[in-house]
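A.B. asks: When you get a sec, could you give me coordinates for this:
(2 chains)
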Amino acid sequence: MPIFIDRRLNPKDRSLSNRQRFLKRVHDDLKRSIGEQVKEGRICDVDASHSVPVPKRGADEPKFRNSAASGERHYILPGNHSFSAGDRIAKRPGGGQGADRAAGRGEDEDDFLFVLSRDEVLDLFFEDLELPDMVKLSLRETVTYKPHRAGFATSGTPSHINVARTLGNSLGRRIALRRPSEKEYQAIANEVTALEAEPRLSPPHRRRLTALRVELEVLERRRKRIAFLDPVDVRFNRFERLPLHNANAVMFCLMDVSASMGEREKDLAKRFFVLLHLFLKRRYDRINVVFIRHTDEAREVDEETFFFSKQSGGTVVSSALEEMQRIILDRYPSSTWNIYVAQASDGDNATGDSERCARLLRNELMKLIQYYAYVEIIDERESEIFGTTDNGTALWRAYRTVNGAVASFQMTRIAKPADIYPVFRKLFVKQTSASGQQLKG
Amino acid sequence: MARRATLLFDGSEWNFATLSRTYEAIEKIAVGELGLDVYPNQIEIISSEQMLDAYSSIGLPLMYQHWSFGKRFASESHRYRKGRAGLAYELVINSDPCITYLMEENTMAMQALVTAHAAFGHNHFFKNNYLFRQWTDASAILGYMDFAKKYIAKCEERHGLAAVEEILDSAHALMDQGLFHFRRPPRLSPAKVTERARERLEYEEQAHSDLWRTLPAPVGAVEIEEAEREALERKKSLHLPEENLLYFLEKHSLILEPWQREILRIVRVIAQYFYPQGQTKVMNEGCATFVHYKIVNRLFDQGRMSEGSMLELLASHANVVFQPSFDDPRFFGINPYALGFAMMGDIERIATQPTAEDREWFPDIAGNGDGMSTLMNAWENHRDESFILQYLSPALIRKFRLFHLSDRAVDGFCEVGSIHDERGYSSIRSGLARSYDPAAQRPDIQVVDVDLLGDRRLQLHHIVKNGILLEESQRDATLVHIRRLWGYGLCLTGIDASNGAELHTISLA
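C.D. replies: Numbering: from 1, shown residues only, chains lettered A, B, ... in the order given. The predicted model follows:
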């Protein structure tokens, strides 16, 4: 008789620590890959698990190996169809690799795809955004649930017992099974006691006492057999976890695509948009993303065009705001949609247009919009000059006035990924303190 | 045959009652009828994730932690999830008691097959084959792994993850060069090993005095003292040339701390433990497959297995012993299950129903009438190379349509040497046998000299056979690992095996 051992119940993820060690080892490569995927992929894809190629370099395990490109080898192979001794078979171009593979000795250790979980992806993505932990946590959090009453159940925790229901059931059962009531029992018991107290009993009384005693015993047996409260009577309040009601949100991405926006600027802008998207995804069931790019005229485009195609021309920021206003009035009435705007630009604007933008925002748009985040992407060298002072481009100065007047308008200058977060700070503070206060729909 | 017996199980669901009923029926056949001799069995049920885990840590139930196992796990589980690779149905560990892992996803019929295959086939082979008997110590391995795991965890705690990882990386790079091919390693005794390690560390701690560090070093004194010690060591002789690089580094490296030497030793011991498995793949799998085939058929004949289950098992058996031909996209070398199973069946046939050809090729076994004991004898006394050289019959060469192909890197063509005909049989047989000799396949690197009194340069030779050189980038990266363990410069010289000429030299300062 062998020993059988059921190991299935052993703690899972024995390999987790090995996995973490491996992740640590290839950390830089993974981060670069994730960065590239975020750059190339769609904004809403960041929030999912990713397959990441792990380059051979990072996780190489070298050992002495025979090189395929030298020397003489002998193979014994099965399945000869038509060869006879002395036949020569031309090698495929590409050297000895064909033969090597055919002999089954080619070690295939190319880059392999490594699936990172959503959390691991977000970790890598957040790394140089320098988000506060609280914010990271709230971005990670999936749908929130709230328990709602939903009828009764026959099982549950004692704290959920529904007393009225339980006693009602008990009463019904007692009546149906004709359990002698306390009153009935007491009456007979009293009579027995009274009779027993009599000093002398007449024969009819004595007979009566014997009958009563028998009856009392029967009643007692019945009462014992039919419990006052039986497990079948017990009812619990049942709760169902319902996801919190979330409404729709639309996110506008506005970006200046004139020639001054280079690769670095677009990469930063993208991270900025991704962050807002992640945030919205936590709060809303459905998010529409609208991409508006502009030079001196604005157009709604798809994500691909938004990030990758080039357009030349001047820069008129108000054109984008007008386009957005048109789309809002057209498709996203502010009564049913939460509207979020993220605008990225390098601060260039046509002379005189900045004032117009500020006016437009102050007087019309900000009434419709939940939150407006503006980032001005500047050169890293400029960040020291501009970091503290209020002066800057015309657009920046004009937006400062809006910022002063409307609380939900936030702006910042960014030169590196870590600068992005402050523009959203308000957003997250609001969420953590009073969640859902501004939900519409 | 009349169906007197009742079915052992019905349907595909299994539970512990059917498992143990089936085990007993199988044991009766394996031990009683086939006469197998096995270690006591311990059968463990695991989930598919645990299975992946087990084979990413080279198939041992206890293993220290290292990132490379995480990497292997990730790539295995990725391949598995994409459906590119199936999972092994079973994993068996050469230990006493012999541990067999069964996957919970298997059907009951598969569990029966796997029990017969692993718990009896492999188990018998482990217990009886001379290589395993001589080179591994089944009763000590689990204890040793337990020690290794704890020891390395303790080192990590004491010296930091990074330091331990560095040593393990280097040791893993030299794992293939951490074997004794000819000298048998001493038996393990985990208790003694632990004791020794503990004593070493304790001594080190006691002998350590921070005062020594503050002494001003007299000029040249350190060198002289070191030189004396080296001279002594040299007198003891370094046993050069030494093929076991890990052993050499563990014993003679001047820069390693005691715990680092212990880690090298652990890696070396594990490499050595797996050494017989690499040399007996065909025989081991052949033996296990042959045994499960016999047992399952016998169960069916006894009426203890339903036709449905039998059909399922035959289908999976056929998959296991399938050998695609060389030009098939599925071809990845000769399938050890296919070759092994075919050879076992063939030996039985030669013993019981020999042809005239067999009598000529195998005069001492042909027609001896006892297939099973002929097989037992073969299982006990051979490894793949000698087994094939001894038992591959012309009939099988024809069946597999084997041919010999030689491939010289400089030529633009491959040449067919011999085929399955009268003239080719023996050259194919010896050629195939040679391809199963790990010593012939593995790069042969040896420590030949080191001048401990001088520059302490480690002289390594690579014996180049058939002009096959080392892959350069890998070679250089591995040399860096040796450099890390040795601490001083080294050089690797390629020596042509045929004429002793020096082909090239790589130096690392």
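A.B. asks: the bottom helix or strand of the chain by mean pLDDT?
C.D. replies: Answering for chain A, as no chain was given. helix A:97-102 (a mean of 41; mean pLDDT, DSSP states H and E).
A.B. asks: actually it's chain B I care about, not the one you picked
C.D. replies: helix B:221-236 (a mean of 58).
A.B. asks: near chain A, anything from the helix or strand following it?
C.D. replies: Counting by DSSP states H and E, the element after helix B:221-236 in chain order, helix or strand, is helix B:245-252. No. Helix B:245-252 stays clear of chain A (Cβ under 8 Å from any Cβ of the partner chain), getting no nearer than 9.5 Å. No exception for glycine: its C-beta is placed from N, CA and C like everyone else's.
A.B. asks: Tell me which helix or strand comes right after helix B:245-252.
C.D. replies: helix B:258-279.
A.B. asks: Can you name the residue of chain A nearest to chain B?
C.D. replies: Nearest residue of chain A to chain B (Cβ to the nearest Cβ) works out as A:Gly79 at 2.0 Å.
A.B. asks: So that residue sits against B:Phe322, correct?
C.D. replies: No. The criterion here is Cβ atoms under 8 Å, and A:Gly79 misses it with B:Phe322 at 12.0 Å.
A.B. asks: neighbour count winner among these two?
C.D. replies: Each of A:Gly79 and B:Phe322 has its neighbours counted (other Cβ atoms under 10 Å in any protein chain shown); A:Gly79 has more, 15 against 11.
A.B. asks: so how many other residues sit close to the residue lying closest to that one once chain neighbours are set aside?
C.D. replies: Spatial nearest neighbour of A:Gly79, excluding adjacent residues (Cβ to Cβ, 6 or more residues apart in numbering or on different chains): B:Ser325 at 2.0 Å. For B:Ser325, the neighbour count with other Cβ under 10 Å is 14.
A.B. asks: And the one 4 residues further on, by the same measure?
C.D. replies: Applying other Cβ under 10 Å, we find 6 other residues in the vicinity of B:Pro329.
A.B. asks: And for A:Arg174?
C.D. replies: 19.
A.B. asks: again with B:Glu285
C.D. replies: Here the count is done by other Cβ under 10 Å, and B:Glu285 has 24 residues near it.
A.B. asks: tell me the contacts of it?
C.D. replies: If you count contacts by Cβ atoms under 8 Å, 6 or more residues apart in numbering or on different chains, B:Glu285 has them with B:336-337, B:340-341.
A.B. asks: Apply 7 Å and report the result again.
C.D. replies: B:336-337, B:340 (Cβ atoms under 7 Å, 6 or more residues apart in numbering or on different chains).
A.B. asks: rewinding a little: and after the least confident helix or strand of chain A, which helix or strand comes next?
C.D. replies: strand A:112-116.
A.B. asks: which other helices and strands contact that next one?
C.D. replies: strand A:50-54, helix B:67-81 (3 or more Cβ pairs under 7 Å, 6 or more residues apart in numbering or on different chains; DSSP states H and E).
A.B. asks: Show me the least confident stretch of these, going by mean pLDDT.
C.D. replies: The weakest mean pLDDT among those belongs to strand A:50-54, with a mean of 72.
A.B. asks: what does that one rub up against?
C.D. replies: With Cβ under 7 Å, 6+ apart, strand A:50-54 has contacts from A:26, A:29-30, A:33-34, A:37, A:111-116, A:121.
A.B. asks: so which of the residues you listed comes closest to A:Arg331?
C.D. replies: Of all the contacts of strand A:50-54, A:Gln37 has the smallest distance to A:Arg331: 30.1 Å, by Cβ to Cβ.
A.B. asks: Who is the nearest residue in space to that closest one that is not next to it in sequence paired with across the strands?
C.D. replies: Distances taken as Cβ to Cβ, 6+ apart put A:His50 closest to A:Gln37, at 6.0 Å, once the chain neighbours are dropped. Beta-bridge pairing for A:His50 (DSSP bridges): A:Leu116.
A.B. asks: Near A:His50, how many other residues are there?
C.D. replies: Using other Cβ under 10 Å: A:His50 sits among 22 other residues.
A.B. asks: how about stretch B:367-387: buried residues?
C.D. replies: Under the neighbour-count criterion of 16 or more other Cβ atoms under 10 Å in any protein chain shown, stretch B:367-387 has B:371-372, B:374-376, B:378-379, B:382-387 buried.
A.B. asks: now stretch A:80-93
C.D. replies: Quick answer for stretch A:80-93 (16+ other Cβ under 10 Å): A:80, A:83, A:87, A:91.
A.B. asks: Please list all residues in contact with the third one.
C.D. replies: Spelled out, that is A:Asp87. B:Val416.
A.B. asks: Just the pLDDT for it.
C.D. replies: 84.
A.B. asks: And the first one, by the same measure?
C.D. replies: You'll see A:Asn80 listed with a pLDDT of 85.
A.B. asks: The last one too?
C.D. replies: Here the pLDDT value assigned to A:Lys91 is 78.
A.B. asks: Help me confirm that it comes into contact with B:Val410.
C.D. replies: No. Using Cβ atoms under 7 Å, A:Lys91 makes no contact with B:Val410, being 11.0 Å away.
A.B. asks: Could you list the low-confidence segments of chain B?
C.D. replies: B:1-5, B:82-88, B:183-194, B:204-239, B:453 (pLDDT under 70).
A.B. asks: returning to what we had before: how near is the residue nearest to A:Gln37 to A:Lys281?
C.D. replies: 16 Å (Cβ to Cβ, to the nearest Å).
A.B. asks: ditto for A:His148
C.D. replies: Taking Cβ to Cβ, one finds A:His148 at 24 Å from A:Lys281.
A.B. asks: So which of these two has more stuff around it?
C.D. replies: A:Lys281 (19 against 10).
A.B. asks: for that one, what are its contacts?
C.D. replies: A:47, A:287.
A.B. asks: Kindly indicate whether it is helix, strand or coil.
C.D. replies: Secondary structure state of A:Lys281, per DSSP: H, G, I helix; E, B strand; the rest coil, is helix.
A.B. asks: re earlier: out of the buried residues of stretch B:367-387, who's nearest B:Tyr247?
C.D. replies: The nearest member of the buried residues of stretch B:367-387 to B:Tyr247, counting by Cβ to Cβ, is B:Arg383 at 22.0 Å.
A.B. asks: Spatially nearest residue to that closest one (excluding sequence neighbours)?
C.D. replies: Using Cβ to Cβ, 6+ apart, the nearest residue to B:Arg383 is B:Gln279, at 4.5 Å.
A.B. asks: ditto for B:Met175
C.D. replies: B:Ala271 (4.7 Å).
A.B. asks: ok, now how distant is the one you found from chain A?
C.D. replies: 11 Å (Cβ to the nearest Cβ, to the nearest Å).
A.B. asks: give me every residue that touches that residue.
C.D. replies: B:Ala271 neighbours (Cβ under 7 Å, 6+ apart): B:175, B:178-179.
A.B. asks: most neighbours, which of the residues you listed?
C.D. replies: B:Gly178 (26 neighbours).
A.B. asks: my guess is that one meets B:Val267, correct?
C.D. replies: Yes. Between B:Gly178 and B:Val267 there is a contact at 6.3 Å, judged by Cβ under 7 Å.
A.B. asks: list residues touching both of these two?
C.D. replies: Residues touching both B:Gly178 and B:Val267 (Cβ under 7 Å, 6+ apart): B:Leu246.
A.B. asks: rewinding a little: check which helix or strand covers the residue of chain A closest to chain B.
C.D. replies: Residue-wise, A:Gly79 maps onto no helix or strand under DSSP H and E.
A.B. asks: contacting residues around it?
C.D. replies: Contacts for A:Gly79 were tallied using Cβ under 7 Å, 6+ apart; they are B:325-327, B:401.
A.B. asks: same question, B:Ala112
C.D. replies: B:22, B:26, B:296.
A.B. asks: So which of those residues belong to helices?
C.D. replies: Counting by DSSP state H, the contacts of B:Ala112 place B:22, B:26, B:296 in helices.
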